[in-house]
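K.L.:
Okay, predicted coordinates and the sequence, questions at the end:
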Amino acid sequence: MRLAVGMLVIQMPTGPRVTRLGIVNWDQPRPPVSLLLMTQIAADHGATAEQCLAGTGLSPEQLLDPTVEVTPRHDLAVARNLHQLIPAGQPGLEMGSRFQLSEQGIYGFALLSSPTLGAAIDIGIRFLDLAFAMGTVQARPLSDGDLALVLDAHDIPPTMRRFYVERDAGSIMTIQRGLSPDLHAIKHVEFGFPPPADGIGLYREILGVTPTFDAPETVLIIDGAQLDQPLPGANPHTAAHAVAQCRQLLESRRARTGFAGRVRDELVARIDDPPSLDDVAAKLHVSGRTLRKYLTAEGTSYRLLLDEVREHLAEELLITARLPVEQIAHRLGYLEVTSFSQAFRRWKGVGPREFRARLRP
């Protein structure tokens, strides 16, 4: 059963703020960014990537393949392994500190081009499922004009909730620094957990403030006076286009069930020489006509799915693999680079080289 995440817009004096509510869709596909970060942290603490990935069926090499997708089930399994490999310390907080906007595809692009901090918070929470978050974030306006970001992980097993809440807290702090190195909007942090036995030095280092513990809930307090603070990468036109792309990507990821998901898997596996609809139908043991009917009932088509796969892989290859545009075009089954460039401009509003240049640190 596919579980959707609900959205609620909160109207505030300084503009709309979004609350991410709902439950984890354990089968929703996502890039393996978080798994790669966890294997890196394991290596820094003397463990191996193979130990960190135990029981997932994944290899370290697959985490570097932009065509590979994982699910929250994989994330939880690897997090549990990491937690056992590093019984002391705060691996979740450490992982959050390694979050890089430049590695988050169109989600990072939307945040970096946001006109203000308030707009970035709005976009960040609204499309949180495009990041590697597993918990919930509630934006709660306070009477003094400040904004409280309330973090929780209701749907995560109790033994792992602290890991994921601290991971999200570290990520939020890292995003703030990525938006503007001079921005210091987070005034205070409270954790709904007891203080760690080995001290809070890492918390001060990563969060930039001295947190308190044993609070009723985990909260990051944002200075309300800075919500309308312009950001250095502000570009309203680019931000609007990126938000539209985020919406489309999120909808497509949530819809990857049934025949649409199976067709997409076939396309990803053979994207350098895409199979025809009839070839895919034969692989799925149905006729071409029946497959078209099923895809129509699911609100899509073979051509739309092929376009979606190419767009997503193009974005990932441009950002993470750093391959030449010509090589990316051929990997995606385009005979001519100009055809790929035209398609990419239709998807993103800019050409592939300009898209990569804008995200380059």
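P.N.:
Now that the structure is in, tell me what you want to look at.

K.L.:
Low-confidence ranges, the stretch 201-350 of the chain, go.
P.N.:
254-257, 320-321 (pLDDT under 70).

K.L.:
ok, 80 please
P.N.:
251-258, 261, 297-299, 316, 319-323 (pLDDT under 80).

K.L.:
just the helices in the stretch 201-350 of the chain please.
P.N.:
Assigned by DSSP state H, counting those that start in this stretch, the stretch 201-350 of the chain shows helices spanning 201-207, 236-254, 258-269, 277-283, 288-297, 302-316, 325-331, 337-348.

K.L.:
okay, the angle between the second one and helix 302-316?
P.N.:
Using axes from the mean of the first three to the mean of the last three CA atoms, to 10 degrees, the direction of helix 236-254 lies 120 degrees away from that of helix 302-316.

K.L.:
Now do the contacts for the residue nearest the centre of the chain.
P.N.:
Note on the chain: the residue nearest the mean C-alpha position is A131, at 1.6 Å, using CA atoms, centre = their mean. Contacts for A131 were tallied using CB atoms under 8 Å, 6 or more residues apart in numbering; they are 99, 104, 107, 124, 171. No exception for glycine: its C-beta is placed from N, CA and C like everyone else's.

K.L.:
how far away is it from E69?
P.N.:
A131 sits 15 Å away from E69, taking CB to CB, to the nearest Å as the criterion.

K.L.:
can you tell me how far the residue nearest to the centre of the chain sits from Q51?
P.N.:
In terms of CB to CB, A131 sits 25 Å off from Q51.

K.L.:
what does V280 give?
P.N.:
The value you get for V280 to Q51, if CB to CB is used, is 38 Å.

K.L.:
Compare these two (neighbour count), which wins?
P.N.:
With neighbours defined as other CB atoms under 10 Å, V280 and Q51 compare such that V280 has more, 24 against 15.

K.L.:
My understanding was that the more buried one contacts Y294; is that so?
P.N.:
No: checked against CB atoms under 8 Å, the pair V280 and Y294 is beyond contact range at 11.3 Å.

K.L.:
How many residues are close by the closest residue to V309 other than its chain neighbours?
P.N.:
Counting by CB to CB, 6 or more residues apart in numbering, V309 lies nearest to L267, which is 4.6 Å off, once chain neighbours are set aside. Neighbour count for L267, taken as other CB under 10 Å: 20.

K.L.:
elements contacting the helix ranked longest in the chain?
P.N.:
Longest helix of the chain, by residue count under DSSP state H: helix 158-179. In terms of contacts (3 or more CB pairs under 8 Å, 6 or more residues apart in numbering; DSSP states H and E), helix 158-179 is packed against helix 72-85, helix 91-96, helix 105-112, helix 117-126, strand 147-152, strand 186-190, helix 201-207, strand 218-222.
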